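J.: model this:
(2 chains)
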Amino acid sequence: MSFTHKHILGIEQLAKEDIQLILDTADSFKEINSRDIKKVPTLRGKTIINAFFEASTRTRLSFEIAGKRLSADTVNISGSTSSVVKGETLEDTAKNIEAMAPDIIVIRHAHSGAPHYLAERVGCSVVNAGDGAHEHPSQALLDLLTMREHKGDIEGLEVAIVGDITHSRVARSDIYALTRMGARVRVCGPGTMLPIGIERLGNVEVFTDMREAIKDADVVMMLRIQMERQSNVMIPSLREYARFYGLNPTNLQLAKPDAIVMHPGPMNRGVEISSVVADGPQNVILDQVENGVAVRMALLYLVSGVESMQTR
Amino acid sequence: MAKILIKGGRVISPAQKLDDLCDVLIEKGKIAAIGKGLSAKDAEVIDATGKVVTPGLVDIHVHLRDPGLEYKEDIASGTLSAVTGGFTSVACMPNTKPVNDNQTVTSYILKKAADEGYCRVFPIASITRGLAGESLTEMGELKALGVCAVSDDGKPVSNPQLMRRAMEYARPFGLTIISHAEDLDLVASGVMNEGPVSTELGLKGIPWVAEDAATAREVMLAEFTGAHLHVAHVSTSGSIDIVRQAKKRGVNVTCEAAPHHFSLTDEAVRGYNTNAKMNPPLRSAEDMAAVRQGIADGTVDAIATDHAPHHIDEKNVEFNIAMNGIVGLETALPLTLKLVEEGVIDLPKAIALLSSGPAGVLNLPVGQLVAGGVADVTIIDPNLAWTVDAQKLVSKSKNTPFDGWQMKGAAVCTIVAGKIVYKRG
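T.: Next up, the predicted model:
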């Protein structure tokens, strides 16, 4: 099985075999991260630009560490320091970045579709690090790697995703990825946070009652409630949200006894997840972060392989 | 002025219920005669065998972008685009820079159209000064100067009290209120139709209820005031039905549909195609079917393009920040003829929706072929096959979602006031 995707724009483009290959590759890279000298020469001489046009700490750090551990030269640009604030179009920014001959551009952008826009206009590989409310493929892949480690097989898993589904790129990518791998997804949130037609994206069932959604689930994934969106009248208060859609030790008992608890971060403790659960024995939240580096190493490695094959 | 004799075409003038193989003689800018076996000395003879001869087409919803936004379009390029598409009359929306809310801008448009235009131009003034939704324009004076209707198109008049006053004031001047029916609070920051496709693409949605709720309010205000309401670019199943029911009650309401709303659905947005971004947005397949049904059953009075030219720099950006709108003058006729081919309407009905229908909505003195009337004539080859090439559009702007589409039917000759202004070839 060879990898044929020059760009990683979304999970939607990936087949089951692609996902498996990425996870297996990530597995093999994990060992590097536990070495004393955490570096291999795999991508030596490659230049990776992390173009983060939207604020991010964890994902940017993770991509940067992934690139560096593979010996690539990684350079970061962010929204506040880039030309975007000077009124330059994304196309001009892209062309200017391209003129400096990078091998991979990792892009995070507030506008859905920005990575597609970029991929149509540059010659190098483009990896989507989150675009608007569309996709966040590397997050879904690290979620799957984490599930696989804890649950063995992903096929047949019951995965509950609870929170603001409407604005969540993580939910969309997870739905695609889990469906491809044969898991079943339950999405749950207040009526204001469930977008029309979400069930059409995959093997998805929609819930508004969290107790039903997490009943006998193998995985409970809590999404971050965006505090800054509360002016948009999505929910009456964080207090009420926590009461109906927050994960706590009581409702967690409805899930399978060996269920794992996930969160893409950053967490709002006491809102969507109580501290007792966030720090409890079922949480695998820091495993997700750890796996993020391995998954991103795998993505950078695999797309650069496609790139150099095409160049030859 | 030269005489023109159009021979042997299928002459259709829906207002006269005329649909017959005959000849049309044009003299001194007027239709001199319509009949069989006409002849005239020293006339330029056009053989229209196999062609359809119709009243010059009328588009009551066009953005000519002049004054102020000439980098997108101007009166010369916009009217050239019109005659290329078979249109001999256009009504232009007031959202120019400055806004057409005063005599000076109206006079400028009329003069420039007379000097440089290829077809007739009927200016539409704004309902509110500066499109600000706060105070009424001097509609009486503007009407006297030549505006054919008032509209804040591009924006709704959000305040219902102001809309009531606009209707009450416009009515005695015989001015139609053209409504851009949209509830901005429900639109919020939406950029495409709200539905499964917006969910999949992660783009913010504009729900159908944003249009339906506003259309219902406008219809109720028209019912209350007795004013003539024309609802622009109806795109939803619900809005079509609201207008249909209002007509049954005898409300003085008309409406128009745009070719893109009966030809495309929100599926066209996939790939973040900014040339599929307009307002109202492309809707669901059910909505598109309802618009077609409204066209078939007479709920829709006119097909109007909402020709909205935008510069490439305004479209070659991320979907969220791309401008709304597409050019439509050069593709409206074949898209309407496609409805004939698909059995939605017959050919005379299609011609009516592009001529006497829109002319009737705004009471324009055009849109029919009648002896003694103005000689605005379009000769259509209904079987001419051609492919849309956006770069070859004569409009200054190339923002069309129909690039590469195989079309059937085109205007081959367009005559305005007895003068040939366009010949295909």
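J.: CA only for contacts and neighbour counts going forward, please
T.: Fine.
J.: any idea how far the residue nearest to the spatial centre of chain A is from A:His150?
T.: The residue lying closest to the centre of chain A (Cα atoms, centre = their mean) is A:Gln139, at 1.7 Å. Distance from A:Gln139 to A:His150, counting by Cα to Cα, to the nearest Å: 17 Å.
J.: wait, a strand at the residue nearest to the centre of chain A?
T.: No. A:Gln139: not assigned to a strand; according to DSSP: H, G, I helix; E, B strand; the rest coil it is helix.
J.: just checking, B:Val219 touches B:Cys255?
T.: No. If you go by Cα atoms under 8 Å, B:Val219 and B:Cys255 don't touch, sitting 10.9 Å apart.
J.: overlap in contacts of the two?
T.: Shared contacts of B:Val219 and B:Cys255, defined by Cα atoms under 8 Å, 6 or more residues apart in numbering or on different chains, comprise B:Val243.
J.: biggest helix in the chain, by residue count?
T.: With no chain named, the answer covers chain A. Across chain A, the longest stretch assigned as helix under DSSP state H is helix A:285-311.
J.: that's the wrong chain, I meant chain B
T.: Secondary structure assigned by DSSP H gives helix B:208-225 as the longest helix of chain B.
J.: now do the buried residues in that one.
T.: B:208-223, B:225 (16 or more other Cα atoms under 10 Å in any protein chain shown).
J.: which strands or helices does the next helix or strand after that helix pack on?
T.: Tracing the chain past helix B:208-225, the next element assigned as helix or strand by DSSP states H and E is strand B:229-231. In this structure, strand B:229-231 packs against strand B:176-179, helix B:208-225, strand B:253-257, with contacts taken as 3 or more Cα pairs under 8 Å, 6 or more residues apart in numbering or on different chains; DSSP states H and E.
J.: tally of neighbours for A:Met267?
T.: Look at A:Met267: counted by other Cα atoms under 10 Å in any protein chain shown, it has 18 neighbours.
J.: contact partners for it?
T.: Neighbours of A:Met267 in contact, by Cα under 8 Å, 6+ apart: A:Arg224, A:Ile273.
J.: circling back to that earlier point, need the pLDDT of the closest residue to the residue nearest to the centre of chain A other than its chain neighbours.
T.: Using Cα to Cα, 6 or more residues apart in numbering or on different chains and skipping the chain neighbours, the partner closest in space to A:Gln139 is A:Val170 (6.6 Å). Predicted confidence (pLDDT) for A:Val170: 98.
J.: against chain B, how distant is the closest residue to A:Leu141 other than its chain neighbours?
T.: Nearest residue to A:Leu141 in three dimensions, chain neighbours excluded: A:Val295, at 6.7 Å (Cα to Cα, 6+ apart). According to Cα to the nearest Cα, to the nearest Å, A:Val295 stands 23 Å off from chain B.
J.: name the strands paired with the helix or strand encompassing B:Asp23 and say parallel or antiparallel.
T.: Secondary structure assignment for B:Asp23, by DSSP H and E: strand B:18-27. Strand B:18-27 has its sheet partners listed here by DSSP bridges as strand B:3-13 (antiparallel), strand B:30-35 (antiparallel).
J.: ranking those strands by burial, who's on top?
T.: strand B:3-13 (a mean of 24; mean count of other Cα atoms under 10 Å in any protein chain shown).
J.: may I have that one exported as CSV, CA atoms only?
T.: Output in CSV follows, covering the C-alpha atoms of strand B:3-13 (Å, rounded to 0.1, in the frame of the first residue of the first chain):
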residue,chain,number,x,y,z
LYS,B,3,-35.8,50.0,-42.9
ILE,B,4,-35.4,46.5,-41.6
LEU,B,5,-37.5,43.6,-42.8
ILE,B,6,-37.2,40.4,-40.8
LYS,B,7,-38.6,37.6,-42.9
GLY,B,8,-39.8,34.1,-42.2
GLY,B,9,-39.3,33.8,-38.5
ARG,B,10,-41.6,32.4,-35.9
VAL,B,11,-42.9,35.7,-34.4
ILE,B,12,-43.9,35.5,-30.8
SER,B,13,-45.4,38.4,-28.9
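J.: could you list the residues of the stretch 101-250 of chain A in contact with chain B?
T.: Contact residues, the stretch 101-250 of chain A versus chain B (Cα under 8 Å from any Cα of the partner chain): A:111-114, A:116-117, A:132-135, A:166-167, A:169, A:172, A:195-198, A:200-201.
J.: what about burial for those residues, which qualify?
T.: A:111-114, A:116-117, A:132-135, A:166-167, A:169, A:172, A:195-196, A:198, A:201.
J.: so what's residue 205 closest to, chain neighbours aside?
T.: Because you didn't say which chain, this covers chain A. A:Arg186 (4.8 Å).
J.: my bad, the chain I had in mind was chain B
T.: Spatial nearest neighbour of B:Gly205, excluding adjacent residues (Cα to Cα, 6+ apart): B:Glu194 at 3.7 Å.
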